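[1] Return atomic coordinates for the entry below.
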Amino acid sequence: MLRTPLCDLLGIELPIVAAPMGPSISGPELAAAVSNAGGLGIVSFGANPPPLLRRLVERVRELTDRPFGVNYLLPFTMPEQLDVCVELRVPVLSTFWGDPAPYVGAAHDAGLKVLHQVGSVADARRAVDAGVDAVIAQGAEAGGHVAGGVATMVLVPRVVDAIAPVPVIAAGGIGDARGVVAALSLGAAGVALGTRFLATAEAAAHAVHKERVVAATEEDTALTTMFGGGWPDAPHRALRTPFVAQWLGRGQQDDQPVIGESSFAGERIPVRRFWAVPPSADATGDVASMALLAGQAAGLVDRVEPAGDVVRRLAEGVERIVRELAGLVR
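    Residues are numbered from 1 along each chain as shown. Take a look at the predicted model:
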């Protein structure tokens, strides 16, 4: 069975993490499905107020008795939202885009493990100095908001060397078992996949979003700051839809008319053009012109399927590839 030190650290069977996709794509159903298959599912906190966040955590626990996590985007997080996870003793706290130092102590006191996502060696070192238990090294191929400009193939071994023996989880451009083996060969103790899990039955992404991911190639994404409404100057990778192709390179626009509605933080809100987050599953209006975030691994996704099947196929594929590679050594 595929097993690394990350499995022992987090109490999971397989070193496969479902990267959080927000604000609502990574909900309880997706997190539980991945955890039940032996990996680590992570729920996006989605700017939810504490009562709603509490219900999300309770729902995950109704669906699985395995370890899972909750992810926080630190610029949009209030202390009372983090307090929910500490109080409920969520096994894993995942953080991104900020300094995790103020939260690590309380999390550890409650028995939580802390993962922090970075896009550079310098940020990885700062995260380790803050006391995190593992670092997610996100290459620029990743979908959604991207913290750095270095490709996964280069970033991961650099981070591994810089912070050893702290475990590193590779993210960005990983969509099948070959990518998992490559990440492990670079020294990673695990992998985090987002785009591959977006195209699953349990992901709470809009149907248009899933369809576009399945149809996309590795060349059909763009790294941009176009969708900066609500989160300006934060680079992100999105599908190169006709809308994106039309506006790419024009810079941030002042004209932001309402183009639909989406669910956000437990409420229905109007979606303006260039809003920063992807449409919810029940979004209405011009969904195809919203932020359909996805990574270059979209080229490796050819169908929507159950998340548990994705986890199992990844694990089986890794074992097969490792055996084949071992046969090359004489």
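
[2] switch to C-alpha atoms for all contacts and neighbour counts from now on
    Will do.

[3] all helices for the stretch 151-300 of the chain, in order.
    Under the criterion DSSP state H, counting those that start in this stretch, the stretch 151-300 of the chain carries helices at the ranges 152-163, 177-185, 195-198, 207-215, 242-247.

[4] Let me fix that, I meant to ask about the stretch 1-150 of the chain.
    Remark: helices assigned in the stretch 1-150 of the chain by DSSP H, counting those that start in this stretch are 5-10, 28-36, 50-63, 79-88, 101-109, 121-129.

[5] For Arg312, which of these is the nearest?
    With Cα to Cα as the criterion, Arg312 lies closest to helix 28-36 of the helices of the stretch 1-150 of the chain, at 9.5 Å.

[6] coming back round to it: return the most buried member of the helices of the stretch 151-300 of the chain.
    helix 195-198 (a mean of 30; mean count of other Cα atoms under 10 Å).

[7] Only C-alpha atoms, please: export that one in CSV.
    Taking C-alpha atoms only, helix 195-198 is exported to CSV below (Å, rounded to 0.1, in the frame of the first residue of the first chain):
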residue,chain,number,x,y,z
THR,A,195,-8.8,20.4,-10.5
ARG,A,196,-9.1,16.6,-10.6
PHE,A,197,-11.5,16.7,-7.6
LEU,A,198,-13.4,19.6,-9.0
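
[8] so for that helix, what's the average pLDDT?
    The pLDDT scores in helix 195-198 average 98.

[9] Quick one: distance of it to the chain centre.
    9 Å (Cα atoms, centre = their mean, to the nearest Å).

[10] could you redo the helices of the stretch 151-300 of the chain as TSV and give each row distance to Gly139?
    Putting the helices of the stretch 151-300 of the chain into TSV (distance: least, Cα to Cα, whole Å) gives the following:
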stretch	distance to Gly139
helix 152-163	4
helix 177-185	11
helix 195-198	13
helix 207-215	19
helix 242-247	22
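
[11] closest to Ile321 out of the ones you listed?
    Ile321 lies closest to helix 177-185 among the helices of the stretch 151-300 of the chain, at 7.5 Å (Cα to Cα).

[12] how much does that closest one deviate in direction from helix 152-163?
    30 degrees (axes from the mean of the first three to the mean of the last three Cα atoms, to 10 degrees).

[13] Pretty sure Leu193 sits against Gly172.
    Yes - counting by Cα atoms under 8 Å, Leu193 does reach Gly172; the two are 7.2 Å apart.

[14] those strands in the stretch 201-330 of the chain, which residues are they?
    For the stretch 201-330 of the chain, the strands defined by DSSP state E, counting those that start in this stretch cover 221-224, 236-239, 258-264, 267-272, 284-285.

[15] Disregarding flanking residues, what is the spatial nearest neighbour of Gly173?
    Ala297 (4.7 Å; Cα to Cα, 6 or more residues apart in numbering).

[16] and what of Leu93?
    Val114 (4.8 Å).

[17] Buried ones in the biggest helix by length in the chain, by neighbour count?
    The longest helix of the chain (DSSP state H) is helix 307-326. Neighbour counts over helix 307-326 (16 or more other Cα atoms under 10 Å) mark 307-308, 310-312, 314-315, 317-319 as buried.

[18] Would you map out the domains in the protein?
    5-203+303-326, 207-298 (automatic domain parsing).

[19] Where among those is average confidence lowest?
    What stands lowest among the domains of the chain, in mean pLDDT terms, is domain 207-298, with a mean of 94.

[20] start to end distance for that one?
    End-to-end distance for domain 207-298: 15 Å, by Cα to Cα, to the nearest Å.

[21] Could you number the chain from 22 rather than 1 from now on?
    Sure thing, new numbering starts at 22, so read that last one as domain 228-319.

[22] before we move on, back to that, pull the most distant pair out of the buried residues of helix 328-347.
    Farthest pair in the buried residues of helix 328-347 (Cα to Cα) is Ala328 and Glu340. Separation: 18.9 Å.

[23] ok, so of the buried residues of helix 328-347, who is nearest Val91?
    Ala328 (17.7 Å).

[24] Tell me the gap between stretch 228-241 and the middle of its chain.
    Counting by Cα atoms, centre = their mean, stretch 228-241 comes out at 17 Å from the chain centroid.

[25] which residues touch it?
    Here stretch 228-241 makes contact (Cα atoms under 8 Å, 6 or more residues apart in numbering) with 216, 219-221, 260-262, 302, 308-309, 313, 315, 317-325.

[26] what's the most buried one of the strands of the stretch 222-351 of the chain?
    Among these, highest average neighbours (mean count of other Cα under 10 Å) belong to strand 257-260, with a mean of 26.
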